[in-house]
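Asker: sequence unknown, structure follows:
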């Protein structure tokens, strides 16, 4: 089966004539905009715990629900992310790793401001799961016993002593616990598109498969209901897109709950089950519905304009709701909604006040036909200054993954490039999530080929727009998108004028052999999608940019975090060295205090500013 969508042409030559030169902003101005994330209500619901990078590094803050007043709770030079208020007082849990190494620990911040690492240990990774129903303890995952496996622990908050409640020796991925503590949900990945759900019964000690199926089907646990009667889960066993199902724990009976023409992507409940929150991934946007569980009626959400509501957290009293709202020209802001008054209040104002939103651009969802007539979605950003009489350069932007998705929303980097005269097409090449399982599986064991060819067709789409200079189109991406950039410059060396690689894979053999130990539950699935580094060594060498570096003809820029545990720094080191040996043009920036992605503003300013200078020199300024 092949997905087919109509080609949408969202730009007319009539509005091309309205081109104007916008006020341009520096990267420092763009990154003065604040990023906020996460939400946890205080016990009295007068404050919300969030994480903000307003000082240049993420730290935990409390924000008043009355007036939006912000109070810092941590003051670290390493990114620290608020996790949760304690149930009965204003102590908090937060997480922190070391320089982006992803070995995050759970920390306690006491009422006097002192901090304590509750999950110490070198190369140990811990993850908060949630509070027990009686609020006397919290559950968390920890791989201290075996780096490859996460055991489930319970930590009592009276004395902060831990006890293991489940020892994982099977290598399945933990995915939830019922409120009564008797049932655990796990996922086993046979491939990246074929997954099963297992439920462990704590009383009988039995692990039970509940999603036996034929063929390829992705099954994912979403939430146990608060009464511990059902497991709600998503599945695409019956069609292209995931629907919402539920499994009755006592009887094994399955019921269909909800479906859409898009993927149902999440489902969870408020504290006592008054509300059920369901989200769907609708053409790279999140659509949220909140049901009153007793009646099935939907809550009318506030109308805030063009954009998405996300990150919904309902308070324990079930009287209030925190959520984020963002659009292409508006970074995410935190709101609090009162169910009684039906009023929403904005608590943050994250866009730099020096930036006029009218100088930024809206995103537009487009589709183009690829080489085999498969319809490829993308998100297009057109500069205000672009016109047929003043054609601009363009960037094919490739998301991470494989299996990620370019989504509608605010991006400082993209808006910065567009503001300075670059059209950007954020591509959802085959293999991207959100467009059905056939589309998602279409890149399996075809990396460096068909997905890359989709990016080349994106270049052709851009070339046909009346305001893009066909001779000045580059490619850029991070992680798997960085691999696609390097693959384009090595396997299709004449297609793109330049490439910008952000921590991308250069040598698939090394990357697959060195995946972090805590990815053990996904190892075989990755091997089946991309290739086995032993069995498929020749094929992986063929598609790895490092072994084709002598073919590079175009200027390349590489940005890398020194502590990256997913794509090791040596990958970029060797790629850059190979280009230099050939006498090619390459610029290289390494951040010693970053991992897989750049979380510190000082590094983003240096890196993204250098990217624009590189593009201005080798793409915009090229003859």
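Answerer: Cool, the structure landed. For clarity, every value in this text was computed on a predicted model and none was experimentally measured. Numbers count the residues shown, from 1 in each chain.

Asker: CA atoms for contacts and neighbours, from now on please.
Answerer: Will do.

Asker: tell me the buried residues in stretch 60-77?
Answerer: Residues 60, 61, 62, 63, 64, 65, 68, 70, 73, 74 are the ones in stretch 60-77 that count as buried (16 or more other CA atoms under 10 Å).

Asker: hmm, who's touching that stretch?
Answerer: For stretch 60-77, the surrounding residues in contact (CA atoms under 8 Å, 6 or more residues apart in numbering) are 45-52, 57, 59, 80-82, 94, 109, 113, 336, 346-348.

Asker: go again using 7 Å as the cut-off
Answerer: Residues outside stretch 60-77 that contact it (CA atoms under 7 Å, 6 or more residues apart in numbering) are 46-52, 57, 59, 80-82, 336, 347-348.

Asker: any idea how far it is from the middle of the chain?
Answerer: Centre-to-centre, stretch 60-77 and its host chain are 24 Å apart (CA atoms, centre = their mean, to the nearest Å).

Asker: quick one: the strands in the stretch 51-200 of the chain?
Answerer: Counting by DSSP state E, counting those that start in this stretch, the stretch 51-200 of the chain has strands at residues 59-64, 70-72, 80-85, 92-96, 105-109, 115-117, 126-131, 137-146, 149-156, 162-166, 173-177, 183-191, 194-201.

Asker: okay, the ones you listed in a markdown table with distance to residue 405 and mean pLDDT next?
Answerer: Output for these, formatted as a markdown table (distance: least, CA to CA, whole Å; pLDDT from 0 to 100):
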| stretch | distance to residue 405 | mean pLDDT |
| --- | --- | --- |
| strand 59-64 | 27 | 98 |
| strand 70-72 | 33 | 97 |
| strand 80-85 | 24 | 98 |
| strand 92-96 | 26 | 98 |
| strand 105-109 | 28 | 98 |
| strand 115-117 | 35 | 98 |
| strand 126-131 | 24 | 98 |
| strand 137-146 | 27 | 97 |
| strand 149-156 | 27 | 97 |
| strand 162-166 | 34 | 97 |
| strand 173-177 | 22 | 97 |
| strand 183-191 | 18 | 96 |
| strand 194-201 | 18 | 97 |
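
Asker: I'd like those strands as CSV, with distance to residue 30 appended.
Answerer: Below are the strands of the stretch 51-200 of the chain laid out as CSV (distance: least, CA to CA, whole Å):
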stretch, distance to residue 30
strand 59-64, 20
strand 70-72, 21
strand 80-85, 22
strand 92-96, 26
strand 105-109, 31
strand 115-117, 32
strand 126-131, 32
strand 137-146, 37
strand 149-156, 39
strand 162-166, 44
strand 173-177, 37
strand 183-191, 40
strand 194-201, 41
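
Asker: residue 37: which of these is closest?
Answerer: Taking CA to CA, strand 80-85 is the member of the strands of the stretch 51-200 of the chain nearest to residue 37, at 8.5 Å.

Asker: what helices and strands are in contact with that closest one?
Answerer: Strand 80-85 is packed against strand 36-41, strand 47-52, strand 59-64, strand 92-96, with contacts defined by 3 or more CA pairs under 7 Å, 6 or more residues apart in numbering; DSSP states H and E.

Asker: okay, those strands, which one's buried deepest?
Answerer: Greatest average neighbour count among the helices and strands packed on strand 80-85 goes to strand 47-52 (a mean of 26), per mean count of other CA atoms under 10 Å.

Asker: name every strand pairing with it and say which way it goes.
Answerer: strand 36-41 (antiparallel), strand 59-64 (antiparallel) (DSSP bridges).

Asker: got a list of contacts for that strand?
Answerer: Applying CA under 7 Å, 6+ apart, the set of residues contacting strand 47-52 from outside is 34-42, 58-65, 81-82, 84-85.

Asker: distance of residue 352 from residue 598?
Answerer: Going from residue 352 to residue 598 by CA to CA, to the nearest Å gives 20 Å.

Asker: more neighbours: these two, which one.
Answerer: Neighbour tally, residue 352 and residue 598, criterion other CA atoms under 10 Å: the higher count belongs to residue 598, 20 against 15.
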